[in-house]
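Asks: model this:
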Amino acid sequence: MANELLYSGVGSARLSEILHSELHVILADYTDLSALVPVVREMNGAGSTTLKTARVDWDNAMAAVAENASTSNTALSFDSVTGSFARQALQRQASDLYEITGSMPDASIPAIAQSMALAAMLRKTDMICTLFSSVSGTVGTTTVDLTVSDMYSAMFALMNTSVPLPYIAALYPVQFTDFMSSLQGEVGPQAFAPATQAMLAAKGPGYKGNWQGIEFFTSDSIPTANGGADSNGCLFSPNAFAAIRARQNVVVGGQVVFPDAEVAVEFERDAGGALTKIVGNLWYGCYEQEDALAVGIVTDR
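Replies: Sure thing, here's the model as predicted:
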């Protein structure tokens, strides 16, 4: 036999590879923790990038006063905390040839612009998790796995200072799986509680469920501690932390096309280089509002 048409024999009439039209997104943790921290002020028109929050201690009970005796003044205790916001940004740049020859809509310049919302979410989560390292009270043992006993210790620390519900636990993924492993070994009523059974089920990143009144979340943005040996998770009431932000208008060709955007995306042309610059902007800040409303969870990374 001869003159067969073979794939290996047609040379340049075939491509060695073709590009699939759908884009595969590399594995990453896209957990958004910003919804757990209240935005206490929109800073547009505030006249400053810094917000001072006054705090007052009303924890003074009345006292008995004898007949024909006079009362005396009890002072109020005031202090304050401050937080500021700043520009958070991400820039990408694509050539015209990249766009002209592109076969994947999910990686086009419009798609890059849309992805800035995801970049802003990740930045807010990073900034919030950074605050966990500033919490003064901690539970756990360095280089030792997180246990059920550690979680109870964290919960008791908040309960002992009369911190109201809800409680939120933000943990590094390994901390949570260590907690699952410890929970698996529990005996007695706790072992058979429906919430315990639910917590032992496999779940993706982000929200993990409710156990003993605590809402569990995981994030790979949880900071390290003790030279990278540990993770610095946190159990907290939402008011332990606060956020402030400012919004801006998205302007195209001198026209406002999207007013009061939390994430503003703008394009800048380099005609000489045949390039398009895509810049995403977020104006955001977060800070610790009351240390007593949180407890750090420092255990093996």
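
Asks: pLDDT averaged over stretch 46-60 - what is it?
Replies: Stretch 46-60 carries an average pLDDT of 93.

Asks: contacts for it?
Replies: Stretch 46-60 has contacts (C-beta atoms under 8 Å, 6 or more residues apart in numbering) with 40-41, 43, 74, 76-86, 242, 244, 246, 285, 289-290. Every residue, glycine included, has its C-beta placed from N, CA and C.

Asks: send the alpha carbons of stretch 115-129 over as PDB?
Replies: In PDB, the C-alpha atoms belonging to stretch 115-129 read as follows (Å, rounded to 0.1, in the frame of the first residue of the first chain):
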ATOM      1  CA  SER A 115     -11.900  40.500  36.800                       C
ATOM      2  CA  MET A 116     -11.000  43.600  38.700                       C
ATOM      3  CA  ALA A 117     -14.000  43.100  40.900                       C
ATOM      4  CA  LEU A 118     -12.500  39.700  42.000                       C
ATOM      5  CA  ALA A 119      -9.100  41.400  42.600                       C
ATOM      6  CA  ALA A 120     -10.800  43.900  44.800                       C
ATOM      7  CA  MET A 121     -12.600  41.200  46.800                       C
ATOM      8  CA  LEU A 122      -9.300  39.400  47.300                       C
ATOM      9  CA  ARG A 123      -7.600  42.500  48.500                       C
ATOM     10  CA  LYS A 124     -10.300  43.300  51.100                       C
ATOM     11  CA  THR A 125     -10.000  39.700  52.400                       C
ATOM     12  CA  ASP A 126      -6.200  40.100  52.700                       C
ATOM     13  CA  MET A 127      -6.500  43.400  54.600                       C
ATOM     14  CA  ILE A 128      -9.100  42.000  57.000                       C
ATOM     15  CA  CYS A 129      -7.100  38.900  57.700                       C
END
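
Asks: list buried residues within the contacts of stretch 46-60.
Replies: Buried by 16 or more other C-beta atoms under 10 Å: 40-41, 43, 83, 85, 242, 244, 246, 285, 289-290, out of those.

Asks: residue contacts, Leu235?
Replies: 151, 154-155, 157-158, 167-169, 214, 294-295, 297.

Asks: just the ones of those residues in helices?
Replies: With helices taken from DSSP state H, the overlap with the contacts of Leu235 comprises 151, 154-155, 157-158.

Asks: would you mind checking the contacts of Leu235 for buried ones?
Replies: By 16+ other C-beta under 10 Å, those give 151, 154-155, 157-158, 167-169, 214, 294-295, 297 as buried.

Asks: from those residues, pick the one nearest Asp260.
Replies: Ile168 (28.4 Å; C-beta to C-beta).

Asks: give the contact list for the spatially closest residue to the closest one that is not a sequence neighbour.
Replies: Once flanking residues are discounted, Ile168 sits nearest to Glu215: 5.1 Å by C-beta to C-beta, 6 or more residues apart in numbering. By C-beta under 8 Å, 6+ apart, the contact set of Glu215 is 166-169, 207, 209.

Asks: what ranges does the stretch 101-250 of the chain have for its strands?
Replies: 138-139, 167-171, 207-211, 214-218, 224-225, 230-236, 241-246, 248-252 (DSSP state E, counting those that start in this stretch).

Asks: okay, the contacts of Glu215 in TSV with distance to Val265 next?
Replies: Output for the contacts of Glu215, formatted as TSV (distance: C-beta to C-beta, whole Å):
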residue	distance to Val265
Pro166	34
Tyr167	36
Ile168	31
Ala169	34
Tyr207	28
Gly209	35
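
Asks: give me the helix or strand of this protein that scores worst on average pLDDT.
Replies: helix 189-192 (a mean of 60; mean pLDDT, DSSP states H and E).

Asks: re the thing from before, and which of the ones in helices among the contacts of Leu235 is nearest to Lys277?
Replies: Ala154 (45.7 Å).

Asks: what residues does that closest one make contact with?
Replies: Ala154 makes contact with 139, 169, 235, 295, 297, according to C-beta under 8 Å, 6+ apart.

Asks: tell me the SS of Arg269?
Replies: At Arg269 the chain is in strand, as set by DSSP: H, G, I helix; E, B strand; the rest coil.

Asks: can you tell me, leaving aside adjacent residues, what's nearest to it?
Replies: Nearest to Arg269 is Thr276, by C-beta to C-beta, 6+ apart, at 6.1 Å.

Asks: can you confirm the one you found is in a strand?
Replies: Yes. Assigned with three-state DSSP, Thr276 falls within a strand.
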